[in-house]
Every structure is written in C-alpha cells, then in structure tokens.
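>>> quick one: sequence plus predicted model below, questions after.
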Amino acid sequence: MQVFKFGGTSVGSPERMHKVAHLVTKNKTTKIVVLSAISGTTNALVKIGNCLMEGKQAVAKKEVASLRSHYDGFIKDLYGEEAPLHRAVEVLNKHFSLMEELCENAFTTVEEKILLAQGELLSTQLFHHYTLEQGHDAVLLSALDFMSITADEEPDIEKIGLKLSALIKEKSGHHLYITQGYICLNHLGDVDNLKRGGSDYTASLIGAAIAAEEVQIWTDIDGMHNNDPRVVDETHPIANLTFDEAAELAYFGAKILHPSSILPAQKYKIPVRLKSTIDDKAQGTLISADAGGTQGTVKALAAKDQITAIKIKSSRMLLAYGFLRKIFEVFEKYKTSIDMITTSEVAVSLTIDDDTYLGDILGELNKFGLVDVDTNQTIVCIVGHMVSEEKGVLKKVFDSVVDIPVRMISFGGSRNNISILVDSSYKERTLKTLNEDLFSKKVLS
Ligand code: ADP
Ligand code: ASP
Ligand code: MG
C-alpha cells in the first residue's frame, strides 16, 4: 500500500483535480489518497472563524456566501455529467448550511474547529464523486473515524493503525481509499486538526500506522529545494535527504513539509517522496534513512520567522549548578518549547517561536537576573549530513555573514545543523549570501 497526499494547489482547480485522479489511477496499485482543502479554502475558513470570534456575523456570512460561489463555479467544470454534478450540489448544500448555522449561533473554539474541518470534508467528497464518474472503484474513508490525538495533542499511531486497518478490511477489494488530511478527533471526541499544513502529517501518520511502502507528498514544486524559493531565485531540488535532514528543514521553516511530518515516517522507516503535480516527470526528493551517497555536504538552508530571543544575565550563574534547570522549568511550566540555546559564564540566550505565554515567562525569569527580549527574529538553519565533518564549513558561514549582525549561533547540537539567529530584516540578505557562498561557488560539494 502506498500513501499519496495532494496539497491545496494540487486540487485547487477542476483541471488539477482531473490530473490528480489521473495520477492515482494510472496504475492499479492500492493507494490511500489524502487530500487537503482546495487552495484558499482554509484561509477563508480561518477568516470566517476570526470574524465570528469577534462577533462580526454579517461579515462572516458574506465570506461564506463568497466561498460558496467559488465552489459553485468549481463543480460546474469538475464533472462531465449531470448525476455527479447533482450529488456535488447536495454535498455543497449540506456543508454550506452547516457553515451558515455556525454564523448564527454561539461560536467557541469547538465550533471553530468544526468550521476549519469543512475544507477537507468538501474536497474529498467532490474528488470522490469525480473518481466514481470516471469509473474507478474508489472508497471515501472519514478521517474522523480513525485519526485522533491524545490530550497532549499527540497522535497514537498504534490506535490509528488498528482503526484504519479495520476500516480498510471492511471495504476490502478496492484500489483507491480517499481520506481527509489535517482533520482528526481530539481526546474529548470533538473535531480538531493537526495545525496548518497538517495534511502532510496525516499522510505520514497513515504511512506509519499501516506500514506503507512509501508516502508520496505531491505539491506545486519539484521536491525540497536547497533554499527557500519564495526568497531566493537560484534554488534547485535535492534528490536525496535523510530523515534527520528533512526533519530539521521542515522544523526550521521549509514550508513544503509540516514541521512534524517526518517524525512518524522516520520512526517506522517509511520512505517519503516529494513530487510535483505540475511536473510529474521530475525526479523530486526521496527522504529515507540512507544519505544517498552525499555524506559530508551542506544540502540546504531554511528560515523560521517570528522567533523571540530571550537573554537572562545573572552573576548567580557563575560556577553555579542548577541554574539552567530553574530556567528550563519556567518554559516547561508554560508548555513553551525552546529552539536554540547558547550559554556563557554569566548569561544564557534562548529562542522560542510561541510567545503565547511570553508575559508570564518573563515575569518568572525576572527573578533570576536581567532579562532582555528581542522579537521579530529569524532562525536561519544550515542543514547537511554530518556538517561537523566538513572542513571549513564554519569559516565559510562566518565569512558569508560577515556584514550581518548575528544575534546567536548554534552548532554541534546535532551533526545536521548549524543555526544562526538574525533580526528578520536581515533574513533575505542572509539566505541570499549563504546561497551564493555555500552553493553557487560549489566550494562545499
Ligand atoms: P501544499 O499546499 O501542497 O501543501 P505548500 O504551499 O504547503 O504546498 O508547500 C509548497 C511550497 O513550499 C512551495 O510552493 C514553496 O514555495 C514552499 N517552500 C518553502 N521552502 C521550500 C523548500 N526548501 N523547498 C521547496 N519548497 C519550499
Ligand atoms: N488545509 C489545511 C491548511 O491549509 C491543511 C493542509 O493543507 O495541509 O493548512
Ligand atoms: Mg503544505
């Protein structure tokens, strides 16, 4: 069994949906097809949810109506026959009536999650009707029947596997099982989601849960590039990445993958292939335990924005033990994870990307010493296999960023990563200069 996931742009127009149907049916191997919402939908639903949270019902209703007219146009071009079109209208009626109802009644985070789930529920049903129209024996499985997270927002892969296998067994003999990315049930049994971009995570969780041969993530670009193509012009796809490298890149901002999506595949040793729906002949990127014979090379850069840097300076740290533990306990208390950390004899600097509890955290840290905070920081992450074995990598990195004020640098935490922290206003310059010095000059390959 293979798992194929298609992102929002890959199902973003009727023509693209036709192409997806072609890609998943051109051979008869059994597949689970995970779909995102049609592009733009989740953003629209987030906007509607925000309006309702702010009590702006009229604006929310208008947004729902405009989304509906988008879908009305979409289904007209999706089908060739009257019967599936009619069924699709019924699907739209059902889901848009629910959205209208949500606009009329009390709106809490519970209703918000139900609202956010509508995108994937719509795309999968519309696609399912199209595959049936094309004569394929496709089955639609509701992710809400098998995908769940615990009270700690962690998926239970064994449980997901048992439930999904039972559903597939119940409907055995089919070639295509279609399901929703992103959505799940939480420990209370309420509709929830795996956070923005979470369909990648769904695909990898399914792959791990049923021990799939491979997980393929199909998107609008031909694989993981060596730098952020939204910022840097001269980027190229990377043929092979290890799980560790891909996980670092995803975590540190390579938007092509959800930050958590590599971990289940890595744990259960399921290869992940990144492919382009636009250029389906392109090789793409294979992510596996094998480095692909490219040990000792710097492979890619990624950048993660909206980072807050915190420095705690205290002479009490000098020769003291237990100081770091006390500091870490503050972050643990507020369930805030730390990305980078550097220490000197009298100060410790660290970064967080979630500033929900920043006020509380600072309140407690103030007891330990002088606290400095810098917001709008960016972590630029240099990833490669065994970066530490490369001679002169650090010199090249330092030479490259010589004119950029670097706030922190972290190296040696893993063999895959050098991270540098800069003010976000220097992000573009940093990515471009490193791209030039680490890749264009071919000094490291
Ligand atoms: P999908 O909707 O298919 O999930 P995303 O928009 O989430 O697609 O991810 C694909 C996008 O990720 C690309 O269009 C590209 O702009 C962006 N991206 C950022 N960093 C990278 C990278 N290192 N390699 C490839 N794509 C990247
Ligand atoms: N539709 C969700 C989002 O836009 C999940 C996904 O596309 O992966 O974030
Ligand atoms: Mg995505």
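Yep, it's here. All values derive from a computational prediction rather than experimental measurement. Numbering: from 1, shown residues only. Ligands and ions are numbered 1, 2, ... in the order given.
>>> correct me, but residue 37 touches residue 122?
Yes: taking C-beta atoms under 8 Å as the contact criterion, residue 37 and residue 122 are neighbours in contact, 6.9 Å apart. Where you see a C-beta, it was placed from the backbone N, CA and C, and this is true even at glycine.
>>> neighbour count for the two, which is higher?
Between residue 37 and residue 122, counting by other C-beta atoms under 10 Å, residue 37 is the more crowded of the two (28 against 25).
>>> got a list of what the more buried one touches?
If a contact means C-beta atoms under 8 Å, 6 or more residues apart in numbering, then residue 37 has 8, 45, 118-120, 122-123, 182 as its contacts.
>>> the residues you listed: which two are farthest apart?
Within those, two members stand farthest from each other by C-beta to C-beta: 8 and 118, at 13.8 Å.
>>> which neighbours do the two share?
Residues touching both residue 8 and residue 118 (C-beta under 8 Å, 6+ apart) are 37, 41.
>>> ok so residue 380 is a strand residue?
Yes: with the criterion set as DSSP: H, G, I helix; E, B strand; the rest coil, the secondary structure at residue 380 is a strand.
>>> relative to ligand 3, how far out is it?
The span separating residue 380 from ligand 3 equals 21 Å under the rule C-beta to the ion, to the nearest Å.
>>> just residue 208 next, same as before
Applying C-beta to the ion to residue 208 and ligand 3 gives a distance of 18 Å.
>>> looks to me like that residue is in a strand.
No: the assignment for residue 208, made by three-state DSSP, is helix rather than a strand.
>>> quick one, what contacts it?
Applying C-beta under 8 Å, 6+ apart to residue 208 gives the contacts 157, 161, 264-265, 267-268, 270.
>>> counting neighbours, what do you get for residue 321?
Neighbours of residue 321 (other C-beta under 10 Å): 7.
>>> do the same with residue 356
Here the number of neighbours of residue 356 (other C-beta under 10 Å) works out to 11.
>>> so is it in a helix, a strand, or just coil?
Residue 356 falls in the coil class when you classify it by three-state DSSP.
>>> my guess is it meets residue 308, correct?
No: with contact defined as C-beta under 8 Å, residue 356 and residue 308 do not form a contacting pair (10.8 Å).
>>> can you give me the helices in the stretch 301-445 of the chain?
For the stretch 301-445 of the chain, the helices defined by DSSP state H, counting those that start in this stretch cover 323-333, 358-365, 393-400, 427-435.
>>> so which of these is nearest ligand 2?
Closest to ligand 2 of these, according to C-beta to the nearest ligand atom: helix 427-435, at 22.4 Å.
>>> packing partners for the closest one?
Secondary-structure packing of helix 427-435 (3 or more C-beta pairs under 8 Å, 6 or more residues apart in numbering; DSSP states H and E): strand 298-313, strand 370-384, helix 393-400.
>>> contact residues of this structure facing ligand 2?
7-8, 36-37, 42, 119, 181-182, 196-199 (C-beta under 6 Å from any ligand atom).
>>> state the distance from the closest residue in space to residue 401 that isn't next to it in sequence to residue 55.
The spatial neighbour of residue 401 that comes closest, neighbours along the chain excluded (C-beta to C-beta, 6 or more residues apart in numbering), is residue 430 at 6.1 Å. In this structure, residue 430 and residue 55 are 42 Å apart, going by C-beta to C-beta, to the nearest Å.
>>> please apply the same query to residue 401.
Distance of residue 401 to residue 55, computed by C-beta to C-beta: 47 Å.
>>> ok, those two, which is more surrounded?
When residue 401 and residue 55 are compared on other C-beta under 10 Å, the one with more neighbours turns out to be residue 401, at 20 against 10.
>>> could you dump the lowest-mean-pLDDT helix or strand in the chain to PDB, C-alpha only?
Considering only helices and strands, the least confidently modelled element of the chain by mean pLDDT, DSSP states H and E is helix 393-400, at a mean of 89. Extracted as PDB, the C-alpha positions of helix 393-400 are listed here (Å, rounded to 0.1, in the frame of the first residue of the first chain):
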ATOM      1  CA  VAL A 393      32.200  25.000   6.900                       C
ATOM      2  CA  LEU A 394      32.100  27.400   9.800                       C
ATOM      3  CA  LYS A 395      34.700  29.700   8.200                       C
ATOM      4  CA  LYS A 396      32.600  29.800   5.000                       C
ATOM      5  CA  VAL A 397      29.400  30.500   7.000                       C
ATOM      6  CA  PHE A 398      31.200  33.200   9.100                       C
ATOM      7  CA  ASP A 399      32.800  34.800   6.100                       C
ATOM      8  CA  SER A 400      29.400  34.800   4.300                       C
END
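>>> what's that helix packed up against?
Helix 393-400 is packed against strand 417-423, helix 427-435, with contacts defined by 3+ C-beta pairs under 8 Å, 6+ apart.
>>> tell me the gap between that helix and the middle of its chain.
Computed by C-alpha atoms, centre = their mean, to the nearest Å, the separation of helix 393-400 from the middle of its chain amounts to 30 Å.
>>> in it, what's buried?
For helix 393-400, a neighbour-count test (16 or more other C-beta atoms under 10 Å) marks 393, 396-397, 400 as buried.
>>> and if you look at stretch 105-125?
Counting neighbours by 16+ other C-beta under 10 Å, one finds that the buried residues in stretch 105-125 are 107, 111-125.
>>> check whether stretch 250-262 contacts ligand 1.
Yes: against ligand 1, stretch 250-262 shows contacts by C-beta under 6 Å from any ligand atom at 254-256.
>>> distance from that stretch to the middle of the chain?
Distance of stretch 250-262 from the chain centroid (C-alpha atoms, centre = their mean) equals 5 Å.
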